[in-house]
Every structure is written in C-alpha cells, then in structure tokens.
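[1] Coordinates for the following, if possible.
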Amino acid sequence: QVQLVESGGGLVQAGGSLRLSCALSGQSAMIDNMAWYRQAPGQQREVVASMSGGGLIDQSDSSKGRFTISTNNAKNTVYLQMNSLKPEDTGVYYCNVIWRVSLWSNPKSSWGQGTQVTVSS
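    Numbering: from 1, shown residues only. Coordinates of the predicted model:
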C-alpha cells in the first residue's frame, strides 16, 4: 500500500498564502496521477489540481493563476502552493494518488487524512 500524510493547512487571511505537502510512503509503486482535492462544508469533494506521472498538469478554473502543484525530485512528496487565497478556498484539502505495482497491475487509489484550510475575510 501507498500511504499519504498531508500537512501545511491552517488559518490565513484573504490574500495570504499556504503551502500544503503530501508525503508518500509504503511500497514502491508506479504513480499514474497525483492530485489535490478540496471539500468545502456541505459540498462534494472536487479536484483542485492534478499532475500525471508524466508531469502533465490540470487545474480547476478557480485555482488557475493562484495555485501550483509540484513534486520533489524523488516524487515522494506532492505540494500545493496556494497564493492569493480567498474565503471560498476554505475547506479540507485531500491528497490523492493513483498508483500501481507494475504496468500490468490494476491501478489503486490512496487518500490522505486531509488538512483543514480556513481563509478569513
């Protein structure tokens, strides 16, 4: 299994910045996709930004120009740099990784426990 642990959430004023981290651990795996999701109170979980194993990035319209997804060289940590934060960015942020043991195995999904981000106006 691949385990994920997020960190970096907190309370910030509108216009501020936060950097979320997601540390991967566990068995060696091929990464198909890494993503950050947000779940606002009473809302469904929605993708904020994602990066394929090949480095292709996709982002929600609301995060473009403000948020940046990246990894370290070892690809065992995923970051989400969030700038110009708005109150509507408030929610629990989850890291998700789609991985497989080999090219011929079925993909699996791992989720972190989530980290709270609160943006005050």
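
[2] Bridged to Glu46, which residues?
    When assigned by DSSP bridges, Glu46 has beta-bridge partners Arg38.

[3] before we move on, what about Met34?
    Met51, Val97.

[4] Report the contact partners of the residue most central in space within the chain.
    Closest residue to the average C-alpha location of the chain: Trp36 at 2.3 Å, with CA atoms, centre = their mean. By CB atoms under 8 Å, 6 or more residues apart in numbering, the contact set of Trp36 is 20, 22, 47-50, 69, 78, 80, 93-96. All C-beta spots, glycine's among them, are computed from the backbone N, C-alpha and C.

[5] pretty sure it belongs to a strand, no?
    Yes. Trp36 sits within a strand when classified using DSSP: H, G, I helix; E, B strand; the rest coil.

[6] contacting residues for the nearest residue to Gln116 once chain neighbours are set aside?
    Leaving out its chain neighbours, the residue that sits closest to Gln116 by CB to CB, 6 or more residues apart in numbering is Gly9, at 4.8 Å. By CB under 8 Å, 6+ apart, the contact list for Gly9 reads Leu18, Leu20, Tyr93, Thr115, Gln116, Val117.

[7] Kindly recompute the last result at 10 Å.
    Contact analysis of Gly9 by CB atoms under 10 Å, 6 or more residues apart in numbering lists 18-21, 82, 91-93, 114-118.

[8] Let's test this: what are the backbone torsions at it?
    Dihedral pair for Gly9: phi -70, psi 170, per degrees, to the nearest 10.

[9] again with the one 5 residues further on
    Ala14 has phi and psi values of phi -50, psi 140 when expressed as degrees, to the nearest 10.

[10] ok, it touching Arg66?
    No. Taking contacts as CB atoms under 10 Å, Ala14 lies outside contact range of Arg66: 11.9 Å.

[11] Cheers, nothing more for now.
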